[in-house]
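# Sequence below, structure please.
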Amino acid sequence: MIRRLRNLLLVLLILPLVTLLICDAVIDQGAEGKTFNSINAIPRNKVGIVLGTSSRLIAGGNNPYYTHRISATLALYKAGKIDRVLVSGDNATRYYNEPDTFKKDLVAGGIPEDSIMLDPSGFRTLDSMVRAKEVFGLDSVTVISQKFQNERAIYLASRKGMYAIGFNATDLEGSEGFKVQVREYFARVKVFVDLLMNTQPRSNQEI
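Numbering: from 1, shown residues only. Purely as a prediction, here's the structure:
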């Protein structure tokens with residue numbers, strides 16, 4: 001009896017870990033060769049989709065993930081690797097508007113206002129990628145975010161009938177990025193749950 005309980009406990013401990021690792025590996029493999037760190041190496045695309053995040057940290061101060069995504073988007077545009085930018089992020093309330101904040105900084109950085117499209121219903125990566133295809137009619141995009149999110153977005157895009165590559169914004173290393181990296185393992189499991197359940201974006205309304 002004790003041995004059975006011990007074996008059951010062992011399975012209950014190992015199974016979640018194996019699930020995390022398998023989901024992580026499948027997404028890594030699905031995005032292999034499709035993410036780029038170099039401006040010179042990345043193929044040209046008509047539209048780049050930058051994934052939203054808050055410009056400020058909860059504890060105060062600028063969010064480096066946001067800052068690096070702005071820099072990456074500006075670099076791509078100025079190098080002629082994209083013609084237009086789709087900013088997809090959360091605008092759940094009038095007091096919190098990721099796309100509008102991104103737009104202001106991108107315009108300040110030199111991207112013309114008429115080259116920027118906004119999707120205020122990009123609440124999750126799933127929403128952003130599905131809406132890019134179904135609402136904005138895009139079949140091919142360059143995703144702009146940190147590598148871990150780019151890989152997940154690319155995998156989701158492929159499962160939804162859209163071709164995507166990713167330009168990797170600078171990531172955070174060490175303890176600064178540790179919590180985000182841990183959360184990413186669970187986000188990747190959620191990808192497969194969403195696909196299995198055929199989860200739809202929170203909003204499919206056109207802009």
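# And what about residue 123, helix, strand or coil?
For residue 123, the assignment made with DSSP: H, G, I helix; E, B strand; the rest coil gives coil.
# count of residues packed around it?
20 (other CB atoms under 10 Å). Any C-beta I mention is one placed from the backbone N, CA and C, and that applies to glycine too.
# and it, what does it touch?
90, 92, 201, 202, 203 (CB atoms under 8 Å, 6 or more residues apart in numbering).
# helix, strand or coil for the last one?
Spelled out, it's residue 203. Relying on three-state DSSP, one would call residue 203 coil.
# Nearest spatial neighbour of it, chain-adjacent residues omitted?
residue 121 (4.1 Å; CB to CB, 6 or more residues apart in numbering).
# Hmm, residue 91 and the one you found touching each other?
Yes. Contact criterion CB atoms under 8 Å: residue 121 and residue 91 qualify, at 7.3 Å.
# who has more neighbours, these two?
Higher neighbour count among residue 121 and residue 91: residue 121, with 23 against 19, using other CB under 10 Å.
# Now do that one against residue 150, distance only.
Per CB to CB, to the nearest Å, residue 121 is found 20 Å from residue 150.
# pLDDT (mean, whole number) over stretch 41-53?
Averaging pLDDT along stretch 41-53 gives 97.
# Pull out the buried positions in it.
42, 45, 47, 48, 49, 50, 51, 52, 53 (16 or more other CB atoms under 10 Å).
# same thing with stretch 178-189?
For stretch 178-189, using 16+ other CB under 10 Å, the buried residues are 184, 185, 187, 188, 189.
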